[in-house]
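Student: Provided below are the primary sequence and the corresponding predicted coordinates.
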Number of protein chains: 2
Amino acid sequence: MIILSKLADYGVIVATHLALAPDRQENAATVAAATRLPLATVAKLLKALAHAGVVSATRGAAGGYRLARPAAAISIAEVVAAIDGDIGLTQCSVHVDECAHTTYCPTRPHWAAINRAVGQALQAVTLDDMISPYAFLPPAAVQPAAELSR
Amino acid sequence: MIILSKLADYGVIVATHLALAPDRQENAATVAAATRLPLATVAKLLKALAHAGVVSATRGAAGGYRLARPAAAISIAEVVAAIDGDIGLTQCSVHVDECAHTTYCPTRPHWAAINRAVGQALQAVTLDDMISPYAFLPPAAVQPAAELSR
DNA sequence: CCCAATTCGTACCAATCCGGTACGCAATAG
DNA sequence: CTATTGCGTACCGGATTGGTACGAATTGGG
């Protein structure tokens, strides 16, 4: 299974690209060319990111986008949430009331804890971490999950 | 966004139900009634779980399913993987070679680390944890993601 | 030895969701 | 005033997914 949607994946790429040159103001076409993604899709992504306050947009001729905050203050979780909505493991986590099984489903309370762990993993990484090419190898988190690659 | 597919969610519910009575052998119809899920879907899930070695099936009359191992030895990650396939954040993580952007995409190496952190969160929880109603607040599983920030 | 119950495997259908596109409006610079 | 660029909405085709159906294989009981 793939956790992130393609769009969210692209969103991170676009945001990372902007983080590379925080001072420059780039329009959608430029970003699209640099990331080799379809222009229309990039425009859509940037709009969503702007709406969430991750990037700021200036309209009109010679307009464009730039990061709204320093790259170190923007987490991956935020970027993903801007595009795909709130992060939740199960239907229950996101739309609590729509689950008719709530009363007798014994697993529900446990999801919250797992949820937090996943959210934290995404929140712990910032755009700044993404642009530093090699410095990011957390030894504590890397090893134990080896068995999962089955 | 919702990370787990509905089917995977159901799968965990079914597996949890079996964990409640590890000795009894239950057929698909019984499980479906107990979990209030569609019979056909439950049958499909049990088949997938059996294929992955999570539950063992005995065929023929008076056949049925039961856990293949003690509940404490089966992680949520395993159950999910049995139904939805391998867990990966991005397309890149799962189908590495199909990503044409590999060479110049600067974010790729970083996903692996996040990936592992998420996998760990799912692997730290066993079916046994799921059936113990209140005792589940694993400080060990929730915290470590913080270390990810290098 | 035969029949009934039950899982197994495969194939199939329907619907929702998602990636991607198009078009018109609003705003800003020159 | 005009050209450029972002904004918003609406739309479409396709892939994925949730769900169903049916026949084959297997086992226990009469």
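Tutor: Structure's in. What do you need? Not measured: the values here are computed from a predicted model.
Student: give the contact list for the residue most central in space within chain A.
Tutor: Residue closest to the average C-alpha location in chain A (Cα atoms, centre = their mean): A:V80, at 2.4 Å. Neighbouring residues of A:V80 by Cβ atoms under 8 Å, 6 or more residues apart in numbering or on different chains: A:L4, A:A8, A:G11, A:V12, A:I87, A:L122, B:M1. To be clear about C-beta, it is placed using only N, CA and C from the backbone, and glycine gets the same treatment.
Student: looking at it now. What's its pLDDT?
Tutor: Looking at A:V80, its pLDDT is 91.
Student: A helix includes it, no?
Tutor: Yes. Counting by DSSP: H, G, I helix; E, B strand; the rest coil, one finds A:V80 located in a helix.
Student: hmm, back to that, next, format the contacts of A:V80 as JSON lines and append pLDDT.
Tutor: Below are the contacts of A:V80 laid out as JSON lines (pLDDT from 0 to 100):
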{"residue": "A:L4", "pLDDT": "83"}
{"residue": "A:A8", "pLDDT": "89"}
{"residue": "A:G11", "pLDDT": "91"}
{"residue": "A:V12", "pLDDT": "90"}
{"residue": "A:I87", "pLDDT": "77"}
{"residue": "A:L122", "pLDDT": "86"}
{"residue": "B:M1", "pLDDT": "71"}
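Student: could you list which of those belong to helices?
Tutor: Among the contacts of A:V80, the ones falling in helices (DSSP state H) are A:A8, A:G11, A:V12, A:L122.
Student: ok, the last one touching B:I114?
Tutor: Yes. Counting by Cβ atoms under 8 Å, A:L122 sits close enough to B:I114 to count as a contact (6.5 Å).
Student: higher neighbour count, these two?
Tutor: Neighbour tally, A:L122 and B:I114, criterion other Cβ atoms under 10 Å in any protein chain shown: the higher count belongs to B:I114, 28 against 23.
Student: ok, back up a step: of the contacts of A:V80, closest to B:K44?
Tutor: Ranked by distance to B:K44 (Cβ to Cβ), the contacts of A:V80 are led by B:M1 at 24.6 Å.
Student: excluding chain neighbours, what is closest to that closest one?
Tutor: Closest residue in space to B:M1, ignoring its immediate chain neighbours: A:D84 at 3.4 Å, by Cβ to Cβ, 6 or more residues apart in numbering or on different chains.
Student: mind checking pLDDT for that neighbour?
Tutor: At A:D84, pLDDT is 85.
Student: again, but for A:Q123
Tutor: So, for A:Q123, pLDDT stands at 88.
Student: that one contacts A:V79, doesn't it?
Tutor: No. Contact criterion Cβ under 8 Å: A:Q123 and A:V79 do not qualify, at 10.8 Å.
Student: one step back: tell me the spacing between the residue nearest to B:M1 and A:A32.
Tutor: 20 Å (Cβ to Cβ, to the nearest Å).
Student: higher neighbour count, the two?
Tutor: A:A32 (21 against 18).
Student: which regions of chain A lie under the pLDDT threshold?
Tutor: A:91-108, A:133-150 (pLDDT under 70).
Student: picking that back up, same for DNA strand C: which of the contacts of A:V80 are within range?
Tutor: Among the contacts of A:V80, the residues lying close to DNA strand C (Cβ under 7 Å from any atom of the strand) are A:A8, B:M1.
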